[in-house]
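Student: only geometry, no sequence info:
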């Protein structure tokens, strides 16, 4: 079969992942309620845990889909385009979030040149911008990934081995490195903020996306013939991560909801298993399932605007959530759901508005999302 020019499944995955990212960030606000709805917290903070890693899967798929890995690769041309679409928006949004922070807390020390450089390098401008830093590193190392794909002659056993190595690396980074003493030097900062910019934490899911793209025809056929297996494993991975979460809550000693969530986050063993299960599940679902028209339209719209929504939504969440807390509003279950919807809808409206403005003022699009003027 010939490769389709565009895969709508990726747009739908982006849309679902974007909803998940918002859910993770809204979930932290629910902790302010002493009478926490643990099921809603689990939905927002645990079930959504695949969201950030799957964006790396989609990014890798987009890079390698229809790419001839055996043809000469123009690194300069590639980086020029990618830095325009990622680095410039990253710098712009970092400055916007730093300005927002300074105005809210009357703290202008963050504009010290050294402090600002540290913020940019380690992705500290806002809690979600680390994704952009890691993505830049993945782009910068593109020749390495192409070389890896050329040598990935036996995808299944080699990816299985990489999965095991990923589990070991993540354990080393998220457990063993916490005991390393920090002295404020650049090296110690690299250790302290390692989760913000080390692409190795997401290497497996990135190369899985690249493998899906390079071997798309074979992957397509396998997905088509193994629906029950894929859906079953996806469901079991969900049961596994939720089971571990509730086990930590009811264990001895019992973990707090936040601590239990941290134990099953996306870099943990169970989190990595769930990410892979959810990725196969969603890719198969959106490639072959008959999705209702209204769901397709919603997911397609969210997928189209996912980049801007990702970059902007903490502004909306801060406005609604922080205002509610400032006024002493108890964020009950209904109010958390309202906060989620308000953040998602507001972010989408701003995304649509920004796109329309960019059509008249191309510089806006170039700065905010790296969109090239047509």
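Tutor: Cool, the structure landed. It should be emphasised that the depicted structure is a prediction, and the values quoted were computed from it without experimental measurement. Residues are numbered from 1 along each chain as shown.

Student: and stretch 129-141, which residues are buried?
Tutor: In terms of neighbour count (16 or more other CB atoms under 10 Å), stretch 129-141 has its buried residues at 129-136, 138-139. C-beta here means a position set from N, CA and C on the backbone, and glycine is covered the same way.

Student: And for that stretch, what's in contact with it?
Tutor: 52, 55-56, 59-60, 78-79, 82-83, 86-87, 89-90, 93-94, 97, 121-123, 145, 195-199, 201-202, 206, 310 (CB atoms under 8 Å, 6 or more residues apart in numbering).

Student: 6 Å - rerun?
Tutor: Applying CB atoms under 6 Å, 6 or more residues apart in numbering, the contact partners of stretch 129-141 are 82, 86-87, 90, 123, 196-197, 199.

Student: residue boundaries of the helices in the stretch 251-374 of the chain?
Tutor: With DSSP state H, counting those that start in this stretch as the definition, the stretch 251-374 of the chain shows helices at residue ranges 257-263, 269-288, 293-304, 306-317, 323-326, 333-360, 362-368.

Student: Out of those helices, flag the one nearest residue 109.
Tutor: Distances from residue 109 to each of these were compared by CB to CB, and the smallest falls on helix 306-317, at 21.0 Å.

Student: Just the mean pLDDT for that closest one, thanks.
Tutor: For helix 306-317, mean pLDDT is 97.

Student: before we move on, what about stretch 326-344?
Tutor: The pLDDT scores in stretch 326-344 average 95.

Student: What residues sit buried inside it?
Tutor: Along stretch 326-344, the positions that meet the burial threshold by neighbour count (16+ other CB under 10 Å) are 331, 335-337, 339-340, 342-344.

Student: The residues you listed into TSV, with extra columns for distance to residue 164?
Tutor: As requested, these are arranged in TSV below (distance: CB to CB, whole Å):
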residue	distance to residue 164
331	41
335	43
336	38
337	39
339	40
340	36
342	43
343	38
344	37
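
Student: Go through those residues and say which is closest to residue 67.
Tutor: Residue 67 lies nearest to residue 344 out of these, by CB to CB, at 33.0 Å.

Student: quick one: average pLDDT of stretch 125-144?
Tutor: Along stretch 125-144, the predicted local confidence has a mean pLDDT of 96.

Student: again, but for stretch 102-121
Tutor: If you average the per-residue pLDDT over stretch 102-121, you get 90.

Student: mind checking the end-to-end distance for it?
Tutor: Using CA to CA, to the nearest Å, one end of stretch 102-121 lies 19 Å from the other.

Student: Same check on stretch 184-201?
Tutor: Stretch 184-201 stretches 23 Å from its first residue to its last (CA to CA).

Student: Contacts for it, please.
Tutor: Residues contacting stretch 184-201 (CB under 6 Å, 6+ apart): 122-123, 130, 133-134, 137-138, 169, 180, 182, 267.

Student: Ok, stretch 72-81 next?
Tutor: So stretch 72-81 is contacted by nothing (CB under 6 Å, 6+ apart).

Student: hmm, try it at 8 Å
Tutor: With contact meaning CB under 8 Å, 6+ apart, stretch 72-81 is reached by 139-140, 142-143, 146.
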